[in-house]
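Trainee: Sequence plus the predicted model coming up.
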Amino acid sequence: MYGDEKRSYQVSLTAAFVALIAVGGWVSLPIPPIPVTLQTFFVLLAAVVMGGRYALLPVGVYLLLGILNMPVFHNGLAGIGGVLMGPTGGYLIGFIPAVLVAGLAYEQENRIIRAGGGIAAATLIIYLFGITWMSYSTGMALAQAVLLGVVPFVAGDVLKGGIAAFIIGERI
């Protein structure tokens with residue numbers, strides 16, 4: 001990578017965001033069945049800082065580390081069976097399309113689409129994957145999954161999205 005500053009920068013950002021997303025999992029409020037963490041904040045921040053396709057890297061590496069039993073998921077959990085197949089797995093898998101959508105939106109010229117639309121769409125994608133999987137994996141009704149897996153988190157996610165947009169200098 002000698003002489004390729006852009007590539008070195010992307011590798012550095014990837015490593016930094018993998019670490020931030022993992023640390024964000026340790027900052028949590030244990031509200032069953034889905035804890036409140038800072039992971040979504042760092043996923044959104046990776047998307048708006050790195051852009052669509054590049055932001056897939058830290059999210060993919062983060063999920064791969066968790067699958068390989070590294071304690072990177074919320075509260076130091078790891079593994080396919082313990083986390084990804086449980087009620088929180090859909091939210092984590094939803095990080096992949098969410099970071100792509102938010103990152104691609106950020107590459108647009110329109111400021112509303114760049115920050116507000118991308119961040120809102122990404123959050124909705126995470127919710128969609130999360131409640132669908134939570135409903136399926138626990139056998140609860142979809143309406144109940146929405147009440148447990150979306151409603152308590154909306155205010156915090158609006159705050160996280162606003163802070164991510166503020167950090168990159170977007171005024172919505």
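Mentor: Nice, I can see it. Predicted model only: the values in this text are computed from it and were never measured.
Trainee: Against L77, how distant is A164?
Mentor: Using CB to CB, to the nearest Å, A164 is found at 24 Å from L77. In short, each C-beta sits where N, CA and C put it, glycine included.
Trainee: list the buried ones in stretch 32-48?
Mentor: By neighbour count on 16 or more other CB atoms under 10 Å, the buried set for stretch 32-48 is 34-48.
Trainee: I'd like the next helix or strand past the lowest-mean-pLDDT helix or strand in the chain.
Mentor: Counting by mean pLDDT, DSSP states H and E, the weakest-scoring helix or strand in the chain turns out to be helix 111, with a mean of 76. Next helix or strand after helix 111 toward the C-terminus (DSSP states H and E): helix 118-138.
Trainee: pLDDT averaged over that following helix - what is it?
Mentor: Across helix 118-138, the average pLDDT comes to 95.
Trainee: Any buried residues in it, and which?
Mentor: 118-123, 125-135, 137.
Trainee: More neighbours: A164 and L77, which one.
Mentor: The neighbour count for A164 versus L77, taken as other CB atoms under 10 Å, is higher for A164 (26 against 17).
Trainee: in the protein, what spans have low per-residue confidence?
Mentor: Of all residues in the chain, those with pLDDT under 70 make up the ranges 1-2, 115, 170-172.
Trainee: For it, just list every one of the helices.
Mentor: 5-26, 39-50, 52-67, 89-106, 111, 118-138, 142-149, 154-167 (DSSP state H).
Trainee: Now render those as CSV, adding distance to G82.
Mentor: Output for the helices of the chain, formatted as CSV (distance: least, CB to CB, whole Å):
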stretch, distance to G82
helix 5-26, 13
helix 39-50, 16
helix 52-67, 9
helix 89-106, 10
helix 111, 41
helix 118-138, 12
helix 142-149, 18
helix 154-167, 24
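Trainee: and those helices, which is most packed in?
Mentor: helix 39-50 (a mean of 26; mean count of other CB atoms under 10 Å).
Trainee: got the angle for it vs helix 118-138?
Mentor: Interaxial angle, helix 39-50 versus helix 118-138 (axes from the mean of the first three to the mean of the last three CA atoms, to 10 degrees): 140 degrees.
Trainee: by contact count, what packs against helix 39-50?
Mentor: Secondary-structure packing of helix 39-50 (3 or more CB pairs under 8 Å, 6 or more residues apart in numbering; DSSP states H and E): helix 5-26, helix 52-67, helix 89-106, helix 118-138, helix 154-167.
Trainee: No further queries at this time; thank you.
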